[in-house]
Structures are given as C-alpha cells and as structure tokens.
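attaching a predicted model along with its sequence, questions to come.
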Amino acid sequence: MKVTFPHMGHMWICLQAMLEYLGVEVVVPPPSSKRTLSLGSKHSPEFACMPLKLNLGNFMEAAERGADTIVMAGGCGPCRFGYYAQVEHEILKDLGYNYHLVVMEPPEKHIGELLAKIRYITGKSSWLEVIRGIRFGYRKALAVDELERLAMVRRPREIKMGSTDGALQQALAEVVRATDFRELEKASAGGIEIMREVRTEERPVLRVALVGEIYTLLEPFANQDIERRLGSMGIEVDRSIYLSEWVNDHLFMGFIRGLRSSKEYCRSASPYLNHFVGGHGQETVGSAVFYARSGYNGIIQLLPFTCMPEIVAQSILPGVSNDLDIPIMTLIVDEQSGEAGMTTRLEAFNDLLYRKSSAKEVLA
Amino acid sequence: MTIKIGIPRALLFYQYFPMWKTFFEKLGLQVVVSGHTTKGILEKGARLCVDEACLPVKVAFGHVAELKEADSIFLPRLVSVSPGEYICPKFLGFPDMVKQCAQDLPPLIMTNFNQYRREGDLYAAFSETGRVLGSNPAKVYFAYREALRAHKRHTSLLQRGYMPEDAVKLAGEPPEKGSLEQEDVRSRPVVAVIGHPYNIYDGFISMNLIKRLEKAGFRVVTQDHLSEETLRHHAGRLPKKLFWTLGRNMTGGALHYLSDPGIKGLVHVASFACGPDSMTGELIERFVRRMGGKPFLNLTLDEHTGEAGVVTRLEAFTDMINLRLASGS
C-alpha cells in the first residue's frame, strides 16, 4: 500500500511525518504546478472550484509515482468540499485509475466507521502509537506555521531581496528531515535560528491581512504566491488561517488551549453575518472585522471562483469596509488566472494603502 | 388596514409558497407575491448583487426589490428542510446578503428555518415568525397546523403530476378536483427535466423549457413528481449520502428516471457557477454515460444565455428522441 494525499501548502510536511512515523509508505505528489492544474481541469466538472481540480491533478501525478491509496478529509456540508473525495474518485475510476479511497470524515452512523478507516491505513500500529503519530504530525504543523509567520514578518524588512525565502526553504528542510520528537525539537529551534539570521532593517511597513477560503490561503500555487509578492512590495502579511489552528479547531475540537480560534472570528462576524454559511464564510467576515480593529492597513479576501460560502462573505464585506474604514479587495482565482493581472491589482492596492496611510500621517 | 407580507417569487417559492401563504393568511395578514420573472427583474437583481452570485440568486434579489410596497418581506433563512441536510450556503446567507446590498426595503422577517436536527423543529420557526409579527401564540399554532396541511396537499398535487404553479392555483379546490390532463397528453412520450425547482419552473430562467418540450409533443416530468421514498431510495446508490436536499432530490430523480424504460430522455438544467450542480451534475452525467441508452441534454444557464442557442440544442435533443422512437428502440 502506497498512500498519497492532496496538497495544500505545507500540509504535506505534517501528513508525511504522521504517516511515516506509523510506518506507512507515503508518496508525496509533486508540488502543484501548471501541469497539475491542466491535468485536473481537463477531467473535472467545468465549474467545480479550483481546489477540486488541483486535487485531481495531484492524484493523477501521484499515480505516476506509484501511489494506490488516497487518504483525504471529508465533511458533511454545506460546502462542496464534503463531496470532493467521492466525485474525484468517480472521475478517477472512469479514467481507469485503480485507487483505493479512504475518507476521514465524521461517521454517518457510528464512530467505528472512522476507527476502522484509521486501522486500515495504520495497519498493526497500536492506538497509543497512532495517537503519538498524530501528535508528531501536529508538532510539525506547529513548527512549520512558526517559520511561515517569521518569514512574513521578515520579508518586508529584509536587506537583501530574497534572503528570507532562501532561509525559509532551508529551515523547512530541517523540519522535514526530523524523524522523531527529539530531532524535531532541535530542528524547529534550528529553523527559527536560521530565520533570525536573515539580515533586516527597521523600516515602516504596511500591514495587510489575507482572509478567505482555506485552500487558496494556504496553497501558494493557487494564490500565485501572494504572500511573497506582498512581502517583496514591503508589506507585512498575516493570514486568518494557519494549518495548526485549523487542525486544533476542527479535528481536536479546540483541545489545545492558547491558540487563536475560529470561534472568536465567528463572534466578531455579528452583526454582519449572524449564521454560519459553510466553509469559512462566517470566519472570513469575522476575521476581516478582527483585523480592521487591530489596526491593519488593508484586507485581501481570497477565494476560488464559484466558492459558495465566500460569495456570501464577499457580498457582506463592503459593509465591513465602510463601517470600519478599511480597504478590502477580493481576489478570485481559477485556472484562468494570470500573473500580470494579479501583479497589477496588488500594486494598485498597495498604492491605495500607501496613500491612505500617508494621508493619515499628514492629518495627524 | 391589513398588513401586507411580501413573498418573492424566487428560490424555494415553488415548494413552500402554499405553506407560507396559508400561515400568514390564517394570522389575518395579506400576502403579496412579486410577479413572474422578467428581464427588468433580473437586471435590477444583477445590479444589487455581487457578480459572482449565480443566476437564481440574482433573480431573487430582483424579486425582493419588487416588493418595496409591502409592509414587510418574508425572507426566511432556510438552513435545512430535512434532517442531516442543508440546502446551499447561499440560502444560509441570503437574508444577510439582501440586508447588506439592498437599501430602503421594508423590514425583513428573517426567521431561521432549521430542521437539521429534527423534522419537528419546523414549528419553532413558525412560532418565531409569529412572535416577530406579534400574533397570539394559540393563533400561531392553528395557523401552523393549517400551513402544514396546505403543504401536504401541495406535495401530493406535485406527486400527482402537476407543475408547482398549477398546484398553487388548485390549492383552494377540493382534493378530488382536477383530472390531471386529457388522454392525448397521457399517451405522449415522456421526458424528464431535472434541475433546481427555481430554475426549471421559472419560465424566464429556463426560457420556457417545460412549455417548449410540451409544445414539441412531449409530456414532462420532474424530480418533484416523485415521492420522497423513491428519491431517497435512488439517491442511496450514491457513494456517499448527499448533504444538499435539492441536490439529493435531483440525483435521486435522475437515477430513477434513468432506470425507467418509459422515460425517453433526460434534460439536466444547471445554473452557471452553481456549487451543488457542479458536483451532482457531474455524477448524474457519469451515471448516464455508464448506464447508457438514453438521450441526455445538459443545459447550463446564466444571464447571458441566448435563447437561440437553447432552442437549437433543444431541437437537436427532441429530434434525437423522435428518431429513436421512429426506429422503434
């Protein structure tokens, strides 16, 4: 059994760590690329959202490397993601791929269904070991998120262009290499040290928050590397969702204290959006309010074309923007998105923020 | 003067209008409905609403804007109409979208209709609506009972083969009334139209698809003519239980009609960028291809769809069926 999974940013680091810790053979699909996307969109429903197309592409490329089992998350709606795995599996079946599908999702009838699936993947590992494996993967997610955060702060302040990105790759490689808890602790400390060594200078920077749909936020290929682009324009970036926080919120049910939680966001979404709308729609509105209140200069909403929950959020965000006097731009991505269009819009947004903040300084 | 409650002729109007109407009328209120969809309504809606929204949502915005004369507009948040299932994220956020995007409307009644946990939670939604209107709880309860009865009758009319608008017209008549249609209609070849009710029954959105098929000499059935059990039974063939009520009905209906030899062809109507349609449409199409044997037309509609294009495709589709009928297969 060779297990594969779809890409979503650096999620592969934590999934690979977890599965290999439990002795499962893993095939990490090649990083999402133009080829992945064209393979995927060729065989996907026309107006399915982009993550589905990239997932499908990932699976097709992983099959070339010998993967035969898919592990994937599911859900129970109303966001389309809950039915991704099944539709992708049907498509793969018709294309002649012989994949075994294991969907980790809230069981329909009995918790045993989920446990049986975990058992199937992990084979003869004991439950204690499984829990240790999950913890190991989670630790890696924490380490990766920490490094990403450091990179977002240092990028706009770096003295030599591109030095942060180089350091981030190096630091991530350290974390990837770690195979047990002791090594991981050393690796993440080492990684942080590498990031600290990037030479920076103090300069005034604008702060922009990325909010929106999780996949487009986390996957640099889907959002055309927006974090790096903004960073190199001298903008400090934060995003509303990090993998470790999401895992804590949705898989551990908020078990680990002290992390930022999406519940906060949902509370601040009132009175704009008083009900969950599936996906991260309510969180998007809430986090926009949160970032506006914490003094960010601007907000960018990211979503894949036709994403239902985010369209609801998109229609509500102008109200937030008006009331809290903060510029909000919506960027919609799909397989047609071009680089030039993205750059132009980011530059225009940057100019707008810059002018607004200097006008504020003059008035003060 | 009696208070006028506005109900937009959009979204779940086609399934739930008799229920809502009865409820408000039993409370002594007057119900006004927006007119049939026109180009003007769509344009008004499209101006109010974000570009990315799907056609039915844009049309619904237009219908809401038509109701400015009413004293308040009934715009429930339809979270779930069946246990364990949702409708679509846009239904969950629709009242908030309207509140944010459309100005100077009369007050909105935005009660939550959420039967995700229990079928019986419907009463909570109605009693909340009654409370908002300031009605006497006992009166609300009786109005609710009447509303349920009206809804039952509406569904049974649909299952006997009526189209929703005809069923609404018959709502006041005694139950035996209305022998469905003449003999010649009964003997016509049957085509199944599968799609979201607010797409297929809205003559403007669907470009009179049903009427056109009837004119071409066919009898039309939809997923709403089937009983809940049939729909559930056939939807059960899916790899996983679908969590959209309408999508589940459509897929169940399509699978039922696919295996029914009396059905000569299937039309699937989707609106462009509809989330559930992109998944269920794909599954239906794959099932049709695997099972084979029936002409299948997949129509995707948006506000730019030209009538001529639809007519041509429909003609090609009906020609294909007629050819097959003539050759006796």
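Done, it's in. What you see is a predicted model, and the numbers here were worked out from it, not measured in a lab. Numbering: from 1, shown residues only, chains lettered A, B, ... in the order given.

nearest residue to the middle of chain B?
B:P197 (2.3 Å; C-alpha atoms, centre = their mean).

what number of residues lie near the nearest residue to A:E339 once chain neighbours are set aside?
Residue nearest to A:E339 in three dimensions, not counting chain neighbours: A:Q224, with 6.2 Å by C-beta to C-beta, 6 or more residues apart in numbering or on different chains. Where you see a C-beta, it was placed from the backbone N, CA and C, and this is true even at glycine. Here the neighbour count serves as a burial measure; for A:Q224 (other C-beta atoms under 10 Å in any protein chain shown) it reads 18.

wait, A:Q224 touches A:A340, no?
No. Under the contact definition of C-beta atoms under 8 Å, A:Q224 does not touch A:A340, with a separation of 10.4 Å.

for the residue lying closest to B:A125 once chain neighbours are set aside, which residues count as its bridge partners?
Computed as C-beta to C-beta, 6+ apart, the closest residue to B:A125 that is not its neighbour in sequence is B:F113, at 4.4 Å. With DSSP bridges applied, B:F113 shows beta-bridge pairing to B:L78.

so B:V32 sits in a strand?
Yes. Assessed by DSSP: H, G, I helix; E, B strand; the rest coil, B:V32 belongs to a strand.

residue contacts, it?
Counting by C-beta atoms under 8 Å, 6 or more residues apart in numbering or on different chains, B:V32 makes contact with B:K4, B:I5, B:G6, B:I7, B:L67, B:E69, B:A70.

how about a cut-off of 6 Å?
Taking C-beta atoms under 6 Å, 6 or more residues apart in numbering or on different chains as the definition of contact, the neighbours of B:V32 are B:K4, B:G6, B:A70.

buried residues, the biggest helix by length in chain B. List them.
Using DSSP state H to assign secondary structure, the helix with the most residues in chain B is helix B:137-159. Residues of helix B:137-159 classed as buried: B:140, B:143-144, B:146-148, B:150-151, B:153-155, B:157-158 (neighbour count, 16 or more other C-beta atoms under 10 Å in any protein chain shown).

kindly reformat these as CSV containing distance to chain A.
Output for the buried residues of helix B:137-159, formatted as CSV (distance: C-beta to the nearest C-beta, whole Å):
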residue, distance to chain A
B:V140, 23
B:A143, 25
B:Y144, 23
B:E146, 28
B:A147, 23
B:L148, 25
B:A150, 27
B:H151, 23
B:R153, 29
B:H154, 25
B:T155, 23
B:L157, 29
B:L158, 24
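
residues in contact with stretch A:325-342?
Residues outside stretch A:325-342 that contact it (C-beta under 6 Å, 6+ apart) are A:37, A:41, A:50, A:216, A:222, A:224, A:292, A:298-305, A:314, A:317, A:321, A:349, A:352.

now do the end-to-end distance for it.
The separation between the terminal residues of stretch A:325-342, taken as C-alpha to C-alpha, to the nearest Å, is 24 Å.

could you pull up the mean pLDDT of it?
When the per-residue pLDDT values of stretch A:325-342 are averaged, the result is 92.

for chain A, see how far away B:P8 is.
Remark: distance between B:P8 and chain A (C-beta to the nearest C-beta, to the nearest Å) = 17 Å.

now do the contacts for that residue.
B:S34, B:A60, B:H63, B:V64.

can you tell me the closest non-neighbouring residue to the third one?
If I follow you right, that is B:H63. For B:H63, the spatially nearest residue (C-beta to C-beta, 6+ apart) is B:P8, at 3.5 Å.

where does the one you found land on pLDDT?
Looking at B:P8, its pLDDT reads 95.

need phi/psi at it.
Torsion angles at B:P8 (phi, psi; degrees, to the nearest 10) stand at phi -70, psi 140.

mind listing the helices for chain B?
Taking DSSP H as the test, the helices found in chain B are B:13-26, B:39-48, B:55-66, B:89-101, B:122-133, B:137-159, B:164-170, B:183-186, B:197-200, B:209-215, B:228-235, B:245-258, B:275-291, B:307-326.

mind listing what's buried in the helix or strand hosting A:P51?
Element membership of A:P51 [criterion: DSSP states H and E] is helix A:50-64. Using 16+ other C-beta under 10 Å as the test for burial, helix A:50-64 gives A:50-63.

between those, which is nearest chain B?
The shortest distance between chain B and any of those, using C-beta to the nearest C-beta, involves A:L52 and amounts to 8.4 Å.
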